[in-house]
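Trainee: fold the following and give me the result.
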Amino acid sequence: MKDEFRLTPVDVRAQEFGRSLFGYERAPVDDLRDRVAAELERLLKERQTLEDKVQALREQLKAYRDREKALNEALVSAQQARAEIERLARHEAELILREARVEGERVLADARDTERTVRSETEAAHRHFSAYLVAYRHLLERSLAEVDALETHERDGSAPTS
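Mentor: Below is the predicted model of the structure:
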């Protein structure tokens, strides 16, 4: 690495020029030296201010990049979470539908069993009722036959026999 020549305002002010017979007038050279030193000082201050601003802007840029990275990561995480939630919701919906179908089939099977039982009981009740009607009809017919026999017997004048 090559050594750089660095000139400071102090270097400019401290610079001495040798005298010669036909040399420059001292006052204008001193004045120029002071103005060059002042301008150099101003430029160095301005440079430092600009370097400070550049550093602040670099830090701000880094902070913005960090924020952007965090936002991107948060966005990716949110997208992944949304996808996972959607997947879980679909899975849960499928489970609910499957359970509802099973429950529906069970309720239908129970209803069919109940219907068969009710039909069977209704048919049995009809058979019992029909048998009851037949038995009651026979009872009535026997009773009518006895009544007819009693009437006939009473008309004929004979006493009933037991």
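Trainee: where does this protein have its least confident helix or strand?
Mentor: Ranked by mean pLDDT, DSSP states H and E, the weakest helix or strand in the chain is helix 9-14, scoring a mean of 77.
Trainee: what's that helix packed up against?
Mentor: Helices and strands touching helix 9-14, by 3 or more Cβ pairs under 8 Å, 6 or more residues apart in numbering; DSSP states H and E, are helix 26-156. Where C-beta positions appear, they are placed from N, C-alpha and C, glycine not excepted.
Trainee: the helix it packs on - contacts with which helices or strands?
Mentor: Short answer (3+ Cβ pairs under 8 Å, 6+ apart): helix 26-156 packs on helix 9-14.
Trainee: what helix or strand does residue 17 sit in?
Mentor: Using DSSP states H and E, residue 17 falls within no helix or strand.
Trainee: make 372 the starting number, not 1.
Mentor: Yep, numbering from 372; the last one is residue 388 now.
Trainee: separation between it and residue 504?
Mentor: If you measure residue 388 against residue 504 using Cβ to Cβ, to the nearest Å, the figure is 151 Å.
Trainee: same deal with residue 445?
Mentor: Residue 445 is 85 Å from residue 504, where distance means Cβ to Cβ.
Trainee: what's the answer for residue 475, then?
Mentor: Relative to residue 504, and taking Cβ to Cβ, residue 475 is found at 42 Å.
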